[in-house]
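K.L.:
need coordinates for the following:
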Amino acid sequence: MTTYITKLGDMWDGIAKEVYGDEMKADILMKANPDYLRTIIFSAGIELSCPEVTFGSDISLPAWRQ
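P.N.:
Below you'll find the model as predicted:
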């Protein structure tokens, strides 16, 4: 797991874009940092945990499609 130190004005989607290359992965960051769920715009210097993601493996297919 890596970390990300916020900059003033960072938001979840922008951090996800920077860390994972995809703003739609913001939910992964939010789940890993529950203490900051109510934060919309970050101040500078907050350390967030960034779990490693294996792209493509987070899609679960229904049993009939596997």
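K.L.:
ok, now which ones touch Thr39?
P.N.:
Ile46 (C-beta atoms under 8 Å, 6 or more residues apart in numbering). Any C-beta I mention is one placed from the backbone N, CA and C, and that applies to glycine too.
K.L.:
where does it sit: helix, strand or coil?
P.N.:
coil (DSSP: H, G, I helix; E, B strand; the rest coil).
K.L.:
backbone phi and psi for it, please?
P.N.:
Backbone torsions for Thr39, taken as degrees, to the nearest 10, come to phi -80, psi 130.
K.L.:
measure it to Leu8 for me?
P.N.:
In this view, Thr39 and Leu8 are 12 Å apart by C-beta to C-beta, to the nearest Å.
K.L.:
which stretches of the protein have low pLDDT?
P.N.:
Across the chain, the ranges flagged by pLDDT under 70 are 55-62, 65-66.
K.L.:
for this protein, which helix is longest?
P.N.:
The longest helix of the chain (DSSP state H) is helix 12-20.
K.L.:
and it, what other elements does it pack with?
P.N.:
Packing partners of helix 12-20 (3 or more C-beta pairs under 8 Å, 6 or more residues apart in numbering; DSSP states H and E): strand 2-5, helix 26-32, strand 47-50.
K.L.:
can you mark which positions in it are buried?
P.N.:
12, 14-16, 19-20 (16 or more other C-beta atoms under 10 Å).
K.L.:
any idea which residue sits dead centre in this protein?
P.N.:
Nearest to the mean C-alpha position of the chain, counting by C-alpha atoms, centre = their mean, stands Leu29 at 2.5 Å.
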